[in-house]
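**Q** Just to be clear, the model below is a prediction. Sequence and coordinates:
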Amino acid sequence: MQQKSYIGDLIEALQIFQKYIGPDTYPTHCQHDVLYVNADVDKVSDEDMARLDELGFFPESEYNEGFMSFRYGSC
């Protein structure tokens, strides 16, 4: 049985986000144990939203400034 590749999941998620992030100089940031991606939640398709959820990313609700994940390590 092949072990799950979390780096592969992260790369797949970033490839999805690439479709929704403009020429942002700083598309990601970290705080404590959270990775944030500055993608416009309203522009993400339902299909991509579902896949991002499977990959551990969900909309950041407090400030509505993109997505967040606890899955990929601490900062």
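**A** Thanks, I have the structure now. Quick caveat, the model's predicted, so the values are computed rather than measured.

**Q** Can you spell out which helices and strands pack onto the helix or strand encompassing H29?
**A** H29 is part of strand 28-31 when elements are defined by DSSP states H and E. Where contact means 3 or more Cβ pairs under 8 Å, 6 or more residues apart in numbering; DSSP states H and E, strand 28-31 is packed against strand 34-37. Quick note: C-beta positions are derived from backbone N, CA and C, even for glycine.

**Q** what packs against the strand it packs on?
**A** The contact analysis (3+ Cβ pairs under 8 Å, 6+ apart) places strand 34-37 against helix 6-18, strand 28-31, strand 67-69.

**Q** Check the offset of the first one from the chain's centre.
**A** Between the mean C-alpha location of helix 6-18 and the chain-wide mean there is a distance of 8 Å, by Cα atoms, centre = their mean, to the nearest Å.

**Q** Could you tell me the least trusted of the helices and strands packed on strand 34-37?
**A** Of all the helices and strands packed on strand 34-37, the minimum mean pLDDT falls on strand 28-31 (a mean of 89).

**Q** partners of that strand, with directions?
**A** Here strand 28-31 has these sheet partners by DSSP bridges: strand 34-37 (antiparallel).

**Q** average pLDDT across the partner strand?
**A** 93.

**Q** Using CSV, list the CA coordinates for the next helix or strand after it.
**A** Toward the C-terminal end, the helix or strand that comes next after strand 34-37 (DSSP H and E) is helix 46-54. Extracted C-alpha coordinates of helix 46-54, given in CSV (Å, rounded to 0.1, in the frame of the first residue of the first chain):
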residue,chain,number,x,y,z
ASP,A,46,-18.1,24.5,-6.5
GLU,A,47,-16.0,21.6,-7.9
ASP,A,48,-12.8,23.2,-6.8
MET,A,49,-14.3,24.2,-3.4
ALA,A,50,-15.2,20.5,-2.8
ARG,A,51,-11.7,19.3,-3.8
LEU,A,52,-10.0,22.0,-1.6
ASP,A,53,-12.1,20.8,1.3
GLU,A,54,-10.8,17.2,0.7
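
**Q** Only the buried residues of helix 46-54, if you could.
**A** 48, 52 (16 or more other Cβ atoms under 10 Å).
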